[in-house]
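Visitor: for reference, the sequence and a predicted model appear below.
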Amino acid sequence: MAKVVPFKGLRYNTEKFKDLESVTAPPYDIISAEEQQELYNKDEYNVIRLDYGMDFDSDDDENNKYIRSAAYLKKWIEEEILKFEDEPAFYIYEQIFQLDIDESPSHSLKGIISLVQLEEFSKKIIIPHEETLKKAKRDRLGLMEATATNMSQIYSLYMDPDQAIADIISECSDGAPDVSFTTKDNVIQNIWIVKDPVMINVISKRFENKQLFIADGHHRYETALTYRNMRHEKDGTDVGTQPYDYTMMMLVSMDDSGLFVFPTHRMIKDVSNFSEQLTIGMLTDDFNASKIYFTEGDIAEIIKTKLRNTVDEKRFAFYTGQNYYYLLKIKDVHTMDGLIEGKSDTYKHLDVTILHKLILEKYFGIDEQSLANQEHIEYTKSAAEAVKRVDSGEFQCAFLINPTKVSEIRDISLANEKMPQKSTFFWPKLVTGIVIYKFD
């Protein structure tokens with residue numbers, strides 16, 4: 001099913017850069033304006049200039065961030081800042097990290113960076129689980145048209161219940177990594193470069209009967225499909241014959257013990273006639289609401305701990321900036337069955353579906369169109385940020401939630417459905433700049 005192949009990756013010249021921490025970056029879509037500037041200042045060759053360049057007031061059709069990215073890329077290749085692999089390779093990529101505090105145990109996430117042949121979703125070989133936004137796709141298409149390059153890996157999952165691929169990954173990463181560095185969030189990044197033709201053939205064959213589930217990178221995948229179709233029409237070539245028929249992915253087993261999904265909390269603003277008491281009064285039609293006061297300690301951590309202890313129940317924390325919060329528990333999850341037609345039970349009973357349909361839409365008037373346009377709502381993975389921004393008065397309230405389960409992602413994908421935007425946040429994030437795929 002999935003066609004997984006090696007490639008001559010474009011990588012930073014390790015003779016010039018002994019520590020890649022200075023030139024790599026987080027994924028573009030989680031970088032704030034402040035972090036973007038920090039990365040610009042960090043090193044003149046930081047990948048931020050390629051993947052997520054700055055906008056300037058003087059930009060026009062002849063000089064903009066996409067054109068500058070292409071110019072940087074061309075120059076860095078010419079100067080051997082970036083060098084192509086001498087032969088096709090797979091890249092075993094490991095992240096070693098801790099979830100919270102220094103005393104917590106270390107976890108390891110390990111997968112394979114490869115090329116994967118692009119397929120329409122209708123073939124059910126590459127399977128999405130989340131809706132996308134047009135603005136992000138326009139941005140990624142502009143970059144791809146200018147550079148003919150995948151700057152970062154799409155994060156995808158596969159089922160490997162017999163550990164057949166995991167055993168190969170373990171064998172290929174038995175020795176010291178070819179590249180190793182630690183990012184500023186204290187995540188160790190290890191890379192093993194696999195060039196052995198026999199091992200490459202074994203890995204490719206093991207994926208032939210696999211479906212791949214997009215975890216992170218839906219916008220980039222849909223953009224790659226759009227770009228592929230545009231190029232074939234322009235070049236007069238057949239699908240499946242060109243380098244741009246492939247996209248770069250990081251492939252991780254759903255059974256990997258280092259696979260973690262974090263929640264994305266919702267912050268609400270500019271809702272007319274907002275009233276905490278009125279809201280609670282209405283919510284009690286569908287939810288049991290417990291008012292819990294804070295005595296001492298970190299508010300965000302207290303709420304997170306309470307939610308973690310109720311992960312198998314449908315509960316939300318409703319915070320309005322006071323010295324208390326409301327713990328909301330749905331009275332009957334089957335209430336959702338009559339509100340949504342044509343969807344699986346898994347979809348109807350997702351935490352984010354319940355929050356969006358039974359709270360945000362029903363009581364706040366924030367419907368699907370408003371969500372798509374990000375009206376009245378912003379998202380954050382940080383409970384602390386949600387609390388802080390409500391306390392500051394920037395937002396009227398916040399809903400803190402539990403994470404989506406990997407099993408729910410699998411079931412939604414297999415049902416050919418898509419979750420609401422910002423339903424999942426995989427962590428740690430894959431680093432941009434470890435390897436690049438240039439197809440022209």
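Guide: Yep, that arrived. Nothing here was measured: the structure is a model prediction, and the numbers come from that model. Numbers count the residues shown, from 1 in each chain.
Visitor: and the strands in the stretch 301-440 of the chain, which stretches?
Guide: 315-319, 324-330, 377-380, 397-400, 425-427, 437-438 (DSSP state E, counting those that start in this stretch).
Visitor: right, and these - which one's nearest residue 295?
Guide: strand 324-330 (10.3 Å; CB to CB). In short, each C-beta sits where N, CA and C put it, glycine included.
Visitor: could you pull out the buried residues of the closest one?
Guide: 325, 326, 327, 328, 330 (16 or more other CB atoms under 10 Å).
Visitor: my guess is residue 91 contacts residue 191. True?
Guide: Yes. With contact defined as CB atoms under 8 Å, residue 91 reaches residue 191; the gap is 5.7 Å.
Visitor: and the buried residues of strand 324-330, which is closest to residue 253?
Guide: For the buried residues of strand 324-330, the nearest to residue 253 is residue 330 (32.4 Å; CB to CB).
Visitor: tell me how far that closest one lies from residue 301.
Guide: 24 Å (CB to CB, to the nearest Å).
Visitor: do residue 94 as well
Guide: Distance from residue 94 to residue 301, by CB to CB: 29 Å.
Visitor: more neighbours, the two?
Guide: residue 94 (18 against 13; other CB atoms under 10 Å).
Visitor: mind checking the SS state of that one?
Guide: Secondary structure, DSSP: H, G, I helix; E, B strand; the rest coil: residue 94 is strand.
Visitor: beta-bridge partners for it, please?
Guide: Beta-bridge partners recorded for residue 94 (DSSP bridges): residue 110, residue 190.
Visitor: next up, the contacts around it.
Guide: Counting by CB atoms under 8 Å, 6 or more residues apart in numbering, residue 94 touches 108, 109, 110, 173, 177, 188, 189, 190, 191, 192.
Visitor: of those, grab the buried ones for ChimeraX.
Guide: Buried residues within the contacts of residue 94, by 16+ other CB under 10 Å, are selected in ChimeraX with:
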select :109,110,173,177,189,190,191,192
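Visitor: tell me the one of the contacts of residue 94 nearest residue 408?
Guide: Nearest to residue 408 among those, with distances taken as CB to CB, is residue 109, at 19.3 Å.
Visitor: for residue 371, find the nearest of the strands of the stretch 301-440 of the chain.
Guide: strand 377-380 (6.5 Å).
Visitor: report the buried residues of the longest helix along the chain.
Guide: As assigned by DSSP state H, the longest helix anywhere in the chain is helix 218-235. Going by neighbour count (16+ other CB under 10 Å), the buried part of helix 218-235 is 218, 219, 220, 221, 222, 223, 224, 225, 227, 228, 231, 232.
Visitor: ok, so of these, who is nearest residue 87?
Guide: residue 224 (24.2 Å).
Visitor: ok, that closest one to residue 118 distance?
Guide: 6 Å.
Visitor: hey, what's in contact with both of these two?
Guide: Common contact partners of residue 224 and residue 118 (CB under 8 Å, 6+ apart): residue 247.
Visitor: give the residue spans of the protein that score low on pLDDT.
Guide: 101-103, 311, 372 (pLDDT under 70).
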